[in-house]
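Undergrad: coords please:
(2 chains, ligands or ions: 2)
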Amino acid sequence: MDVVLRHLSAFTDGITTTLELTALSFAGALLIGVVVAALRVSPVAALRGVGTVYVETFQNTPLLVLLVLFVFGLPEVGVIFPLFTTAVIVIALYEAAYIAEAVRSGINTVSIGQAEAARALGLTFGQSLRLVILPQALRGVVQPIGNIFIALTMNTSLAAAVGVVELTSAANRVNLLEAQPIPVFVGAGLGYMVICAVAGLLTGVIERKVAIVR
Amino acid sequence: MKSTSPSSAVLTPMVEARAINKSFGAVRVLTDVDLTVAAGEVVVLIGPSGAGKSTLCRCLNRLENVDSGVVLLDGEELPAEGRALARLRTEVGMVFQQFNLFAHKTVLQNVTLGPIRVKGLSAGDADRQARALLDRVGIADKADHYPAQLSGGQQQRAAIARALAMQPKVMLFDEPTSALDPEMVNEVLDVMVDLAREGMTMVVVTHEMGFARRAADRVVFMADGQIVEVGTPETFFTAPTTDRARDFLSKVLSH
Ligand SMILES: Nc1ncnc2c1ncn2[C@@H]1O[C@H](COP(=O)(O)OP(=O)(O)OP(=O)(O)O)[C@@H](O)[C@H]1O
Ligand SMILES: [Mg+2]
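TA: Ligands and ions are numbered 1, 2, ... in the order given. Below you'll find the model as predicted:
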């Protein structure tokens, strides 16, 4: 493994970029995903339609295709972002579709009586969702969202294909210099494993912490 | 029984349902139902399963939309779903068979949510009011518990406190004691009787004849989506005039 140690700064830079990419796009995905889930259960048919189209579009397109489209397409229409920013936006948009579906399944497990009690109190639909339904729905889907986080972490490696120098790309560069693919990519793989193991542990902790007393 | 001043009937009724029709798909659930409840009046809705009692109750705060007919609350027509309806709903408290307390909030938070978020009370004021209400229904010591940590009877009393916290003009109860173990029924009924004595306008779906006799001004008997008979508790239970009511009472009383 001394090939990894010799290029340690390349690896740590790569991991840092991967972590930033993961954290920022996950935050975005969570935000967009909850909004899309809310659209999908809206009483307004047009909003439900928007939510459905969103989920279908992003779930049925490969992330790599989206990355390439945005990286080359956005400048065509005059929107110029740094590569990293574009990658964050695309990954967030893509993973949001999965988060939305997880959150929606959580919403469906909250009994209809909760929503009726909220409405009967005079809460508007938005307030019922925000104050009563979503807090319960989200508590129930910590585990699936943790899994999406892990998938998202892996998916950030696709950003290498459009030129973001994250962990996979850093490993690739080291390998071009050293031609030792096995230790180099085992090293990169270990990096992803550590991130995901920590995420898995945290998921369990969060799940227990927010559990509703039943 | 409590006494209502005879003049209250000529004032604006607190709740007025006119010619309500409601179907679920092909199933006709309510047919031309008229119901007027005066301020301070307590009406018990009774009738066989599937008669439409719950549906009528839910139409009164528009949790269920009517196909035709109007519901007036203190003279004001309930609007379509939206902010205006949400505002009018604050004036109608509802208590459900399954309690429906918010599972992720403590009893106190259940009671303060509406006042803070809908009425704009400060947290401190809402808190004080909620504790007073919890004290009134006898569960002040449960304020910081979660609903699942309470017995059924305590949960239902918390649900009543939550509804009262909005200072409603009317309270609707849909079989508030049907999900309770027998030994807990009375602690809930006692709270309801007190409420009735204090002059709250109430519509109560229940088969608890004891409650009807103690607190109701009128019993409204429903069957097949229609109001079949209306009377004082005394006359309804001892001398029902329709066959449907006699038939129903003989079945209920024989149990
Ligand atoms: N959401 C619904 N969708 C379809 N049918 C419904 C719905 N709610 C009620 N019904 C039907 O409407 C009829 C009246 O129901 P409702 O619940 O009002 O009766 P109820 O008098 O309250 O009966 P119970 O004593 O069993 O509670 C029943 O036939 C019921 O199956
Ligand atoms: Mg019912």
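Undergrad: Up against chain B, what does chain A have?
TA: Residues of chain A lying near chain B by Cβ under 8 Å from any Cβ of the partner chain: A:43, A:111, A:113-114, A:116-125, A:127, A:131-132, A:135-136, A:139, A:212-214. Backbone N, C-alpha and C define where each C-beta goes, glycine included.
Undergrad: Would you mind writing the PyMOL command to select the buried ones in the residues you listed?
TA: Selection of buried members from these for PyMOL, criterion 16 or more other Cβ atoms under 10 Å in any protein chain shown:
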select buried, chain A and resi 114+116+117+118+119+120+121+122+123+124+125+127+131+132+135+136+139
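Undergrad: longest helix in the chain, by residue count?
TA: You didn't pick a chain, so chain A it is. Across chain A, the longest stretch assigned as helix under DSSP state H is helix A:8-40.
Undergrad: not quite, I wanted chain B
TA: Chain B, longest helix under DSSP H: helix B:182-197.
Undergrad: What lies in contact with that one?
TA: Residues from elsewhere that reach helix B:182-197 (Cβ atoms under 8 Å, 6 or more residues apart in numbering or on different chains): B:2, B:42, B:136-138, B:151-153, B:156-157, B:160, B:164, B:171, B:173, B:176-177, B:180, B:202, B:204, B:208, B:210-211, B:214-216.
Undergrad: confidence score at the residue nearest in space to the middle of chain A?
TA: With distances taken as Cα atoms, centre = their mean, the residue of chain A nearest its centroid is A:F26 (3.8 Å). Listed pLDDT for A:F26 reads 98.
Undergrad: dump the residue contacts of it.
TA: Residues in contact with A:F26 (Cβ under 8 Å, 6+ apart) are A:A92, A:E95, A:F149, A:L152.
Undergrad: A:L152 too?
TA: A:T22, A:S25, A:F26, A:A29, A:I91, A:E95.
Undergrad: what's the neighbour count on the closest residue to ligand 1 within chain A?
TA: The nearest approach of chain A to ligand 1 comes at A:I112, 9.6 Å away (Cβ to the nearest ligand atom). By other Cβ atoms under 10 Å in any protein chain shown, the residues close to A:I112 number 9.
Undergrad: How about A:R173?
TA: For A:R173, the count of nearby residues is 16 (other Cβ under 10 Å).
Undergrad: ok, and the closest non-adjacent residue to it?
TA: Closest residue in space to A:R173, ignoring its immediate chain neighbours: A:A10 at 6.6 Å, by Cβ to Cβ, 6 or more residues apart in numbering or on different chains.
Undergrad: same question, A:E101
TA: For A:E101, the spatially nearest residue (Cβ to Cβ, 6+ apart) is A:V55, at 6.3 Å.
Undergrad: ditto for A:A37
TA: Using Cβ to Cβ, 6+ apart, the nearest residue to A:A37 is A:V103, at 3.7 Å.
Undergrad: Run through the residues that contact the one you found.
TA: A:G33, A:V34, A:A37, A:L134, A:A137, A:L138, A:V141, A:I145.
Undergrad: tell me the contacts of residue 22?
TA: Since you didn't name a chain, this refers to chain A. By Cβ under 8 Å, 6+ apart, A:T22 lies in contact with A:F149, A:L152, A:T153, A:T156, A:I195.
Undergrad: Not quite, go with chain B.
TA: Counting by Cβ under 8 Å, 6+ apart, B:K22 makes contact with B:R28, B:V29, B:L30, B:G52, B:T55, B:C59, B:E64, B:V66, B:D67, B:G225.
Undergrad: okay, now the fourth one: neighbour count?
TA: Taking other Cβ under 10 Å as the neighbour definition, B:G52 ends up with a count of 24.
Undergrad: can you check A:L202 too?
TA: A:L202: 13 neighbours (other Cβ under 10 Å).
Undergrad: Just the buried positions in the host helix or strand of it, please.
TA: Element membership for A:L202 (DSSP states H and E) is helix A:181-210. By neighbour count on 16+ other Cβ under 10 Å, the buried set for helix A:181-210 is A:P183, A:V184, A:G187, A:A188, A:G191, A:Y192, A:I195, A:C196, A:A199, A:T203, A:E207.
Undergrad: same thing with stretch B:242-255?
TA: Using 16+ other Cβ under 10 Å as the test for burial, stretch B:242-255 gives B:R244, B:A245, B:F248, B:L249.
Undergrad: With stretch A:160-169 instead?
TA: Neighbour-count burial for stretch A:160-169 flags A:A160, A:V162, A:V164, A:V165, A:E166, A:L167, A:T168, A:S169 (criterion: 16+ other Cβ under 10 Å).
Undergrad: cool, and stretch A:57-77?
TA: Neighbour-count burial for stretch A:57-77 flags A:F58, A:L63, A:L66, A:L67, A:F70, A:V71, A:L74 (criterion: 16+ other Cβ under 10 Å).
Undergrad: Kindly report the same for stretch B:177-186.
TA: B:T177, B:L180, B:M184, B:V185, B:N186.
Undergrad: Are it and ligand 1 in contact anywhere?
TA: No - Stretch B:177-186 lies out of reach of ligand 1 by Cβ under 6 Å from any ligand atom, never closer than 8.0 Å.
Undergrad: what kind of secondary structure is B:H145 in?
TA: Classification of B:H145 by DSSP: H, G, I helix; E, B strand; the rest coil places it in coil.
Undergrad: Next one: the nearest residue to it once chain neighbours are set aside from A:Q114, what distance?
TA: Of all residues not flanking B:H145 in the chain, B:V107 sits nearest, at 5.7 Å (Cβ to Cβ, 6+ apart). According to Cβ to Cβ, to the nearest Å, B:V107 and A:Q114 sit 15 Å apart.
Undergrad: moving C-terminal of the helix or strand of chain B with the lowest mean pLDDT, what's the next helix or strand?
TA: Scoring the helices and strands of chain B by mean pLDDT, DSSP states H and E places helix B:83-89 at the bottom, with a mean of 87. Using DSSP H and E, the helix or strand that follows helix B:83-89 in sequence is strand B:92-95.
Undergrad: need the helices for chain B, in chain order.
TA: Using DSSP H, helices in chain B cover B:53-59, B:83-89, B:107-117, B:123-136, B:152-164, B:182-197, B:209-215, B:233-238, B:243-253.
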